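Asks: Any chance you can model this:
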Amino acid sequence: MGGPLGAIIGRRYSSSAPAGDDDRGPGGAIITHDRKCRDLPFLALFAAFCLAMIINSSFGFNQGNPLRLTYGLDYKGNICGSRHGDPDLRELDVRYWMNPNQVYQSGLKGSQINLPDAKAICLMECPLPAEDGLNFICDYPEGDIRLSVDDWIDRDYDYFEYLTPDMRNSSLQLQGPCYPVIFPSVNVYWSCQFIARASNVSLKHWQQMGGISIDENMLIDKTIHHAINSKSAVLKRYVADIGKSWPVLIVCGGLLPLFLSVIWLLMIRYFVAGMPWITVVLFNILVISVTMFFYIKAGWIGSDPLTVVIGASDPYVSIGGREINHLHVAAVLMTIVMIIAFLTSIAIVRRILMATSVLKVAAKVIGEVQALIIFPIMPYFILAIFYMLWFSATLHLFSSGQVLRNDCNTNCCSYDLKLGKVNCDSCCGYSVHYTHHIDIAILFHLFGCYWATQFFLACSSTVIAGSVASYYWARGEISHDIPFRTVISSLKRLLRYSLGSVALGSLIVSMVEWVRFILESIRRRLKLVDSAHESWFAKTISSSSQCCLGCMDWTIRSVNRNGYIMIAITGKGFWKASVLATGLIMNNILRIGKVNVIGDVILLLGKLCVSLMCALFAFLMLDTHRYKSAHNKISSPLVPVLVSWALGYVVAKLFFAVVEMSIETNILSFCQDAEEHEGNARYATPLLVETLEQQRLTQTQGPGP
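Replies: Down below sits the predicted model:
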């Protein structure tokens, strides 16, 4: 154990303390000793990592444009909906492929034409064939076409009657500048999805005008559908959904969990006896509610499923997409979670009274150290600022790249209005080209978010642990000064001595999580490649490795949490503090036993209640007209809901650490107190002694008949 700690953490405040000690004052000298800065290399590593994140994000801000995540490119390389295009496209955000034969040919195997090279322009809405004639969609007006863009829009993009004979002949050869509208189309995520059902009236008029043959085939439908539903396109839309739903994230991921967490802490303080029961019941209600919302949006309940069509009408109801499939998967997973939650609730009903006694210990501390309720607001605002900057950088990083002309060998011709003739030299379209290092930059950005989150949470937990330890070891002597001075003193000690140790602990947790993530990604890819030949041995090894990593992650989190407590108390480095904490726990396992476990379970359910409430409110906000139509329409509620859930969980974890660390710190302090005084904890409150001694007797006697 490295010697008794009572001489350090049990020392009383005295007038002999050094005059220059920053921790001098009520509650400060109690856990003050010969401290010094620990684990400085890891603090320097964290600072260097933060600097690298800033540089990495600046690359995204410089190269990215979030509009690329939602809207496509026209044949000139303009982003639909951008005011910086040529012409100004701020109101023209729907991409439409003008030549139906190019769309058809791009779906043929071995064809030289790819859909990104097919001629596309930006419109306000997808065109439909005329009911009694033939409509044309003409190129942007320029050259000899003396129309403004506004006039072109007012004419429904049709100036065929103004064309010269040469232009008309070129148009009848499907070389522009005007192209016939033969197939109906529907706006699917701001790209006009052709419907493979040609208009007989329009096709008849086209043939009477002498137009060349237009191919009718399901490839007209499938080619665009596959492009819109590619993995990269869906991922971009999911990231774009985060940007569009930022009011939802602020309310449901920031303000709501703050309010709910504070309410939960106050109820723990004043209504502790009923909180375990309320938490368990509310948790089950929320799990069922969120599951039902997934069923509704997946189309399995009710008549309000997700639609991929932008706009009020849905003329092509059979259109689907990956987003709907993902909602089906989410609904199944939530069903499994709902069943597990119900069974878990039944299992812990008999332990609720034990959880109540544990929470009473934390309520006692909160009542004495009242500043603990409001302290998490400070790291909350730090995290809020960090997340706002991080999400903005994420949108730009995912959209970073260069808009470059494709390298193609397509043989095609189109009428160039500026040159005034048919041009066969510029058939290649434009695409956003990403370099290989962007993938690394995005992974680095994601890892940085996780490490920074763990770091801020660990800092908050360490400050709380130091405050609670001061309360435990000085109880009765400085109680009139405890509410504020202990928190300030603990914060000073963290900033002055222990930031390096916190950086190390948070790094270990982050690295283990990312090893799990990488191994799981590799396992899924290998499973997709060779799913038919995967042996039972390989499946067993894969499952076992994931299970081992999960257990390792849980163990490290537990060791870290107790390590932060000993860092706050002793000022030791991370490794020594973790060893001290582990030794105390192992030597007193009979005392803490199920008390610690059942307390953690109730606190976990409380965090899930807050986060599930955030997810439920996010569903309700996203189910309004604002996010179901026009430019703010999201592709799926899945990602905003999950992000709201994650943010709500982080905020809940930040505030619930007050209760969590109060319980853990009291238990560790009790164990050390008992070891130093021959099994009798001198400084423990009667309530804490009663709770732990009762647990020890229960463990020793075993279960009753």
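Asks: For the stretch 551-700 of the chain, which residues score under the pLDDT cut-off?
Replies: Residue ranges of the stretch 551-700 of the chain with pLDDT under 70: 551-559, 590-596, 693-700.
Asks: just the chain next, same as before
Replies: Looking at the chain by pLDDT under 70, you get 1-34, 312-319, 475-484, 519-559, 590-596, 693-705.
Asks: where exactly do the helices run in the stretch 451-600 of the chain?
Replies: 482-493, 499-529, 536-570, 574-587, 589-622 (DSSP state H, counting those that start in this stretch).
Asks: What is the neighbour count of the closest residue to I442 other than its chain neighbours?
Replies: Using C-beta to C-beta, 6 or more residues apart in numbering and skipping the chain neighbours, the partner closest in space to I442 is L397 (5.6 Å). In this view, the C-beta of every residue, glycine as well, is placed from N, C-alpha and C. For L397, the tally of surrounding residues (other C-beta atoms under 10 Å) stands at 23.
Asks: can you check F381 too?
Replies: Using other C-beta under 10 Å, F381 is surrounded by 12 other residues.
Asks: show me what contacts it?
Replies: Residues counted as contacts of F381 (C-beta atoms under 8 Å, 6 or more residues apart in numbering): none.
Asks: Next: the one 5 residues further on.
Replies: With contacts defined as C-beta under 8 Å, 6+ apart, F386 is in contact with A452, F456.
Asks: one more time with 7 Å, if that's ok
Replies: In this structure, F386 makes contact with A452, judged by C-beta atoms under 7 Å, 6 or more residues apart in numbering.
Asks: And for V280?
Replies: V280 sits next to S345, L605 when contact means C-beta under 7 Å, 6+ apart.
Asks: Would you state the strands of this protein in chain order?
Replies: 94-97, 120-123, 136-138, 178-180, 185-188, 191-194, 402-405, 414-416, 421-423, 430-433 (DSSP state E).
Asks: In CSV: these, plus distance to I464.
Replies: Listed next are those as CSV, based on distance: least, C-beta to C-beta, whole Å:
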stretch, distance to I464
strand 94-97, 53
strand 120-123, 54
strand 136-138, 64
strand 178-180, 67
strand 185-188, 50
strand 191-194, 51
strand 402-405, 48
strand 414-416, 68
strand 421-423, 70
strand 430-433, 46
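Asks: do you know which of the ones you listed lies nearest F619?
Replies: Proximity to F619, assessed across these by C-beta to C-beta, is greatest for strand 185-188 (23.0 Å).
Asks: what's the neighbour count on the residue lying closest to V337 once chain neighbours are set aside?
Replies: Spatial nearest neighbour of V337, excluding adjacent residues (C-beta to C-beta, 6+ apart): V287 at 6.3 Å. By other C-beta under 10 Å, the residues close to V287 number 24.
Asks: Please apply the same query to the one 5 residues further on.
Replies: Summarising burial for M292: neighbours were counted as other C-beta under 10 Å, giving 18.
Asks: Quick check: the gap between it and R168.
Replies: As for M292, its distance to R168 is 58 Å (criterion: C-beta to C-beta, to the nearest Å).
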